[in-house]
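Asker: Let me see the structure of the following:
(one chain, ligands or ions: 1)
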Amino acid sequence: MLTGELALREWGNGLTERGSIWVLNGPNLNLLGEREPGIYGGDSLADIEVRCAETAKTAGFALDFRQTNHEGELVAWIQEARTGAAGLAINAGAYTHTSVAVHDALRLLDIPIVEVHLSNIFAREEFRHKSYISAAATGVVCGFGSHSYVLAISALAARMDL
Ligand code: CA2
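Answerer: Numbers count the residues shown, from 1 in each chain. Model prediction:
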């Protein structure tokens, strides 16, 4: 059977055979597309979710895509990912630069993790150069706008092929 056929086969319960990729988004990302398109691009978070769903499905995964403005909720979802996710992509928004709690939660996971950013945080203000996510992540994708998410999901799928 061709890999593509295999990847698209579903069990009939909504789950694909390779499990679920989770994409978690932090504060203010719900407002994407409304302001600062020069930094973050013109896509809304709903647009990005559609692209992520297509990418995940092509690779044979289901997608769970969420956004919260609350640090504790983000931590709770990361804990939940321990049992529900095959791989995790996270754009923690501003918590990237502040949250030891998110860092500690990510360290509890045994699955591949990709840190995602729309903008190139290293080409921006100094305070964005520090990330509490990177040390707990398998890898980092930043600077490609909404395509960063597509790259992150592709990287997770490739990692799980190893
Ligand atoms: O580049 C990224 O993806 C960021 O994670 C976005 C965060 C920022 O704090 C990080 O340094 C880099 C901010 C998201 C703010 O979202 C907005 C939504 C609509 C309009 C303006 C900003």
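
Asker: What about the residue nearest to A62 when sequence neighbours are not counted, how many residues nearby?
Answerer: Computed as Cβ to Cβ, 6 or more residues apart in numbering, the closest residue to A62 that is not its neighbour in sequence is S20, at 4.2 Å. To be clear about C-beta, it is placed using only N, CA and C from the backbone, and glycine gets the same treatment. Other residues near S20 number 18, with proximity taken as other Cβ atoms under 10 Å.

Asker: got the residue ranges for the helices in this protein?
Answerer: 3-8, 37-40, 45-59, 71-84, 100-107, 147-161 (DSSP state H).

Asker: Enumerate the positions of the fourth one that are buried.
Answerer: For helix 71-84, the buried set under the neighbour-count rule, 16 or more other Cβ atoms under 10 Å, comprises 71, 74-75, 77-78, 81.

Asker: closest to S119 among the residues you listed?
Answerer: L74 (19.2 Å; Cβ to Cβ).

Asker: Now do the same contact list for the closest one.
Answerer: Shown in contact with L74 (Cβ atoms under 8 Å, 6 or more residues apart in numbering): 24, 26, 68, 92, 95, 99, 102, 105.

Asker: Most neighbours among these, which one is it?
Answerer: A92 (26 neighbours).

Asker: so who does that residue touch?
Answerer: Per Cβ under 8 Å, 6+ apart, neighbours of A92: 24, 26, 74, 99, 102, 115, 133.

Asker: can I get those in TSV with distance to the ligand?
Answerer: As requested, these are exported to TSV (distance: Cβ to the nearest ligand atom, whole Å):
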residue	distance to the ligand
L24	12
G26	7
L74	13
S99	11
V102	12
E115	9
I133	9
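
Asker: For those, which two are the farthest from each other?
Answerer: L74 and E115 (13.3 Å).
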